[in-house]
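Asks: here's a sequence, model it:
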Amino acid sequence: MATALPNFDGPFAKVKSPIKLAHIVLRTGRFSKMVDFYKTLLGAEASYENEFLSFLTYDDEHHRIAILDLGAKPMNKATAGLEHVAFTFDSVPDLLLAYRQRKAKGIEPVWCVNHGPTLSLYYQDPDGNQIETQVDSFSTNEEAAEFMVSKEFEENPIGVDFDPEELIRKLREGVSEKELLKRPNIGPRRMDSVPKTPVPV
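Replies: Modelled structure (predicted):
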């Protein structure tokens with residue numbers, strides 16, 4: 001039996017949403033450095049690669065990141081553009097294991113912060129793009145939304161910095177993930193307190 005076609009002529013209350021975010025493409029002038037960085041950062045491999053284009057995958061998608069060599073200069077943080085891309089892990093131990101594995105390969109986070117809705121580690125690639133790796137702090141979107149309308153989040157929408165090594169120590173001491181995901185209340189915090197990362201030249 002044929003599937004009924006949608007009404008292509010409207011009127012339309014809203015645009016149909018996509019089923020998922022498929023991939024991100026980055027242009028670069030540091031092709032080999034960028035490809036090596038993302039292969040290491042994500043535990044990824046190339047599903048296709050030549051001298052100027054690399055499609056990187058780590059799951060069931062053909063590629064999640066593509067890197068294209070256009071001879072581009074590193075990003076200028078003074079201009080508008082993409083702020084960061086985020087990748088989610090299943091658990092705090094998984095997030096911290098990836099942190100330790102990256103650290104052993106020379107890749108360290110530039111910022112570690114408990115935002116409240118997420119526990120996050122930020123990295124910077126060779127072109128200056130930021131990548132967030134995170135664990136969701138709440139089991140439902142409704143719980144996260146409830147936190148984000150709280151007085152605590154209004155005062156501090158940035159988060160509370162943390163040391164991942166301290167979290168590993170606490171996990172080994174038996175502190176629960178639920179406890180580690182709770183954001184301490186430090187009072188007001190604004191954007192000017194966010195660490196500044198240098199732009200590569």
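Asks: low-confidence ranges, the chain, go.
Replies: When the per-residue scores of the chain are filtered using pLDDT under 70, the ranges that remain are 201.
Asks: beta partners for the residue nearest to the spatial centre of it?
Replies: With the centre of the chain defined as its mean C-alpha position, the nearest residue by CA atoms, centre = their mean is A86, 1.8 Å away. Beta bridges link A86 to E132, judged by DSSP bridges.
Asks: against K16, how distant is it?
Replies: Here the criterion is CB to CB, to the nearest Å. By it, A86 lies 24 Å from K16. C-beta coordinates here come from the backbone N, C-alpha and C atoms, glycine included.
Asks: was I right about the residue nearest to the centre of the chain contacting Q130?
Replies: No. In terms of CB atoms under 8 Å, A86 does not count as a neighbour of Q130; the distance is 9.4 Å.
Asks: P117 contacts T140, doesn't it?
Replies: No. Under the criterion of CB under 8 Å, P117 makes no contact with T140, lying 11.1 Å away.
Asks: which one of those two is surrounded by more residues?
Replies: Neighbours of P117 and T140, each counted by other CB atoms under 10 Å, are more numerous for P117; the result is 20 against 9.
Asks: buried residues in the one helix or strand V135 maps to, which are they?
Replies: Here V135 is covered by strand 130-136, with elements defined by DSSP states H and E. Of the residues in strand 130-136, those scored as buried under the neighbour-count criterion (16 or more other CB atoms under 10 Å) are 130-136.
Asks: stretch 44-56: end-to-end distance?
Replies: Stretch 44-56 stretches 6 Å from its first residue to its last (CA to CA, to the nearest Å).
Asks: what comes into contact with it?
Replies: In this structure, residues lying in contact with stretch 44-56 by CB atoms under 8 Å, 6 or more residues apart in numbering are 31, 35, 38-39, 42, 57-58, 62-69.
Asks: same question for stretch 73-84.
Replies: Residues contacting stretch 73-84 (CB under 8 Å, 6+ apart): 29-30, 122, 126-132, 199-201.
Asks: any idea how far it is from the chain center?
Replies: Averaging C-alpha coordinates over stretch 73-84 and over its chain gives two centres that are 16 Å apart (CA atoms, centre = their mean, to the nearest Å).
Asks: can you get me the start-to-end distance on it?
Replies: Terminal residues of stretch 73-84 are spaced 18 Å apart (CA to CA).
Asks: what's the domain layout of this structure?
Replies: The record assigns the chain these domain ranges, following automatic domain parsing: 22-73, 82-183.
Asks: tell me which of those sits nearest to N7.
Replies: domain 22-73 (26.0 Å; CB to CB).
Asks: kind regards, and thank you for your time.
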